[in-house]
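Q: just to be clear, the model below is a prediction. Sequence and coordinates:
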Amino acid sequence: MFLVVMCLSVLVACNNEDFEQLQMQSSSMTKDIIELQKTDIIDITKEVWRDIMSSKGEFIEYENPLNLNRMTIENKSVYGYTSCSAREGKNNLKARFSQSACNIMGIPYGVYIVDFCEAKIKINLATGEQFLYVDESPNCGFKPDMESTRGYAMSMTSNVVILTTYLTHIKYDALGKNVNKWWPVTPNDLVWDYKILLP
């Protein structure tokens, strides 16, 4: 009899501890959801998407050299990324994409916690090589300042070229469930196409 009472006491004590822990977790999740509900949902309309894709003048259009006659041009590609991070002011946003955009991305229609990111890759040119920009790089993210064109913007200092493309990272749904969906491609799967003018 004593053994039965002791077992029941331990069981009740364990259940109370488990219950308190679950209650604390539930309270914490509820707090997160309430805080999430306080922030405004951004409906990703065409106009909002255009604004998100804008670099706000960070990049200028690069012009390739005009006289390419009798020069050797080599097609090249680099893979992956050097860095990838949320753009300033564009992290942990509560966003709702259109039904058609959700269908294209392969996610259910709803509200998501999203980072609008920029991925960069650094290319070192050999002495005498000249970088040639291509209009589209179809396995890149979205080209800055363009709404649907796959590609990149670039900046160049001496023999170092930095290419930048925009990605969308859909992190969680509104209930905090992990989604971890990259659009239009994951950073690891980026392919940056360009050309080199050889000396």
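A: That came through fine.
Q: and residue 101, helix, strand or coil?
A: Put simply, residue 101 is helix when judged by DSSP: H, G, I helix; E, B strand; the rest coil.
Q: for it, which non-adjacent residue is closest in space?
A: residue 44 (6.7 Å; Cβ to Cβ, 6 or more residues apart in numbering). All C-beta atoms are positioned from the backbone trio N, CA, C, and that covers glycine.
Q: which strand residues bridge that neighbour?
A: residue 97 (DSSP bridges).
Q: how long is stretch 88-97 end to end?
A: End-to-end distance of stretch 88-97 (Cα to Cα, to the nearest Å): 20 Å.
Q: and it, how far from the chain's centre?
A: 10 Å (Cα atoms, centre = their mean, to the nearest Å).
Q: equivalent analysis for stretch 180-190, please.
A: For stretch 180-190, the distance to the chain centre is 7 Å (Cα atoms, centre = their mean).
Q: residues contacting it, please?
A: Outside of stretch 180-190, the residues within contact range by Cβ atoms under 8 Å, 6 or more residues apart in numbering are 79-81, 84, 105-107, 117, 119, 121, 139-142, 150, 165, 167-171.
Q: the residue nearest to residue 101: what's it in contact with?
A: Residue 44 neighbours (Cβ under 8 Å, 6+ apart): 52, 95-98, 101.
Q: pLDDT weak spots in the chain?
A: Within the chain, the stretches with pLDDT under 70 are 1-39, 60-70, 199.
Q: now do 80
A: 1-39, 56-71, 133, 135, 147, 199 (pLDDT under 80).
Q: do a quick rundown of the helices in it.
A: 2-38, 46-53, 99-105 (DSSP state H).
Q: go through the second one and flag the buried ones.
A: The reference is to helix 46-53. Neighbour counts over helix 46-53 (16 or more other Cβ atoms under 10 Å) mark 49, 52-53 as buried.
Q: I would like the residues contacting that helix, please.
A: Contacts for helix 46-53 (Cβ under 8 Å, 6+ apart): 42, 44, 90, 116, 142, 144-147, 166.
Q: among the contacts of stretch 180-190, which ones are in strands?
A: 79, 84, 117, 119, 121, 165, 167-171 (DSSP state E).
Q: quick check: end-to-end length of stretch 87-96?
A: 18 Å.
Q: same deal with stretch 41-55?
A: Taking Cα to Cα, stretch 41-55 runs 22 Å from one end to the other.
Q: for residue 73, state which of the buried residues of helix 46-53 is nearest.
A: residue 53 (29.4 Å; Cβ to Cβ).
Q: of the contacts of helix 46-53, buried ones?
A: By 16+ other Cβ under 10 Å, those give 44, 116, 142, 144-146, 166 as buried.
Q: list phi and psi for the spatially closest residue to residue 58 that is not a sequence neighbour.
A: Nearest non-adjacent residue to residue 58, counting by Cβ to Cβ, 6+ apart: residue 144, 7.1 Å away. Torsion angles at residue 144 (phi, psi; degrees, to the nearest 10) stand at phi -50, psi 140.
Q: from residue 118, how far out is residue 144?
A: 8 Å (Cβ to Cβ, to the nearest Å).
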